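# Mind looking at a prediction? Sequence and model below.
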Amino acid sequence: MTGNQDQPRQFAKAMVLLAIASIVAGLALIAYYQHQVESYRSAHLPPTSQEAIRTAKAMKHLLLGLLLLAGVFIISSYAFVRWSRRFRNQLLRKPHPPTPSDDVWAMHRLPDDDNRGTNSDRTTPP
């Protein structure tokens, strides 16, 4: 039975590792492409305008923001799944056995009446 429970976790771990690997590969490709573009521009094209540079920087910031949002989404989804599983287990657990109540009043019984008014330690004078 534990094999069936571990299979979705292994699949999820594999998918997270695949996502991280694709992000790292994407960042490496972006860096490589940016290096190639810069070397081509320096060799063949005149300097670019300020508007094009601003647009490129805005796109870079947008992609970085989207990457951060994806990371936050993955972490919060993982936390929510863990919390929901724990909550479900708490709801489905067996209730605690009831407290034994065979002789509840015997635990709260007052002392006998014959010992109340007398002191058995004192001796009465003759």
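Thanks, I have the structure now. These figures come from a predicted structure and were not determined experimentally.
# switch to C-alpha atoms for all contacts and neighbour counts from now on
OK.
# What segments of the chain are helices?
2-44, 50-92, 104-107 (DSSP state H).
# And those helices: which comes nearest residue 98?
For the helices of the chain, proximity to residue 98 was assessed by C-alpha to C-alpha; helix 104-107 is nearest, at 13.3 Å.
# And the residue nearest the centre of the protein?
residue 79 (2.5 Å; C-alpha atoms, centre = their mean).
# Flag the shaky bits of the chain, pLDDT-wise.
1-5, 41-48, 103, 106-107, 109-111, 113-126 (pLDDT under 70).
# how does it divide up, domain by domain?
Here the domain parsing of the chain from automatic domain parsing is 9-47, 53-93.
# Tabulate the helices of the chain in a markdown table, adding columns for distance to residue 98.
Below are the helices of the chain laid out as a markdown table (distance: least, C-alpha to C-alpha, whole Å):
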| stretch | distance to residue 98 |
| --- | --- |
| helix 2-44 | 31 |
| helix 50-92 | 17 |
| helix 104-107 | 13 |
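# before we move on, the earlier item: export the domains of the chain to JSON lines and tack on distance to residue 108?
Shown next, in JSON lines, are these (distance: least, C-alpha to C-alpha, whole Å):
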{"stretch": "domain 9-47", "distance to residue 108": "54"}
{"stretch": "domain 53-93", "distance to residue 108": "33"}
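# what's the closest of these to residue 102?
Ranking the domains of the chain by proximity to residue 102 (C-alpha to C-alpha) places domain 53-93 first, at 26.1 Å.
# Report the contact partners of residue 58.
Under the criterion of C-alpha atoms under 8 Å, 6 or more residues apart in numbering, residue 58 has no neighbours.
# Can you tell me how far residue 90 is from residue 22?
37 Å (C-alpha to C-alpha, to the nearest Å).
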